[in-house]
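Novice: Build the 3D model from these lines:
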Amino acid sequence: MQQVTTEYVRSLNGITPDFLCPVNANIYNIQFLKFRIRDMDSGQTLFEVERDQDEEPIENLPPEYQDEARRIKYHFGPQFFELKTVGAQLTFSVGNQPVKNFTIIERHYFRDHLLRSYEFQFPFCIPNSTNTWEHIYTIPEIDEAMRQEMIDNPFQTKSDSFYFVGEHLVMHNKAEYDYSPID
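Specialist: Numbers count the residues shown, from 1 in each chain. Modelled structure (predicted):
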C-alpha cells in the first residue's frame, strides 16, 4: 500500500470509499477512551461516549468487525446549524513509544462538496500517558438551500478523520451526520 501523506488527504475531493490504512497501522497503540462534543457558547453537551474499561481494543476485534468499529453516526437535528462553535474533547492513551506531531485532519463533505477541512496538532505525547485534547470547530456558513438539502438527506453529510504521527497515517475513522428533526 502506498504511503498516504498529509498533503494527499488535504487534496481529496470527496469521501474516501474505503479506509486508507489498516487497523494495525496504529503502531503507537493510540486508544480513544472518551469523546464529547459540546456547544462552546452554552456549554451544552451534544454527544458523549466513553469506552468501557473492559472493552476490547479495535485491534483485538475479529477482522470483519474492525471497519464498523471505525465508523460513527451522529444525529444532531436542524438546530445544530444555529451553533457558532463546538468543542470536541478527546481523551486518549498512547502506548510505550513517544508520539510526536500527532495531527488530525478532518474533512467534512455534503455529497461531494467540501464543507470544511479542519486540522489540529498535538505536539508531543509522553509514552504510556493518558491525554485530553479539546479542539474547537467553527461551524461554516452554509447557505439556506444547502442547509435544507442536508436536513432532508440524512447521512449524506460525511467526514473522514485522518490521524497522523509525523507523516505516517496511523488511524482513519469515518462519520455520518443526520440533521433531520429529532423526534
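
Novice: Now do the contacts for the closest residue to Thr5 other than its chain neighbours.
Specialist: Nearest residue to Thr5 in three dimensions, chain neighbours excluded: Glu167, at 5.6 Å (CB to CB, 6 or more residues apart in numbering). Every residue, glycine included, has its C-beta placed from N, CA and C. Contact partners of Glu167, counting by CB atoms under 8 Å, 6 or more residues apart in numbering, are Gln3, Thr5, Thr6.

Novice: Any quick ChimeraX command for the buried ones out of these?
Specialist: Restricted to buried positions by 16 or more other CB atoms under 10 Å, the ChimeraX selection for these reads:
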select :6
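
Novice: Is it possible to get TSV of the contacts of Glu167 that adds secondary structure and distance to Ala175?
Specialist: Listed next are these as TSV, based on DSSP: H, G, I helix; E, B strand; the rest coil; distance: CB to CB, whole Å:
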residue	secondary structure	distance to Ala175
Gln3	coil	24
Thr5	coil	22
Thr6	helix	19
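
Novice: Any figure for the gap between the residue nearest to Thr5 and Met150?
Specialist: Glu167 sits 33 Å away from Met150 when distances are taken as CB to CB, to the nearest Å.

Novice: Identify each buried residue in the helix or strand of the chain with the lowest mean pLDDT, please.
Specialist: Every helix and strand of the chain was ranked by mean pLDDT, DSSP states H and E. The lowest is helix 63-69, at a mean of 89. For helix 63-69, a neighbour-count test (16+ other CB under 10 Å) marks Gln66 as buried.
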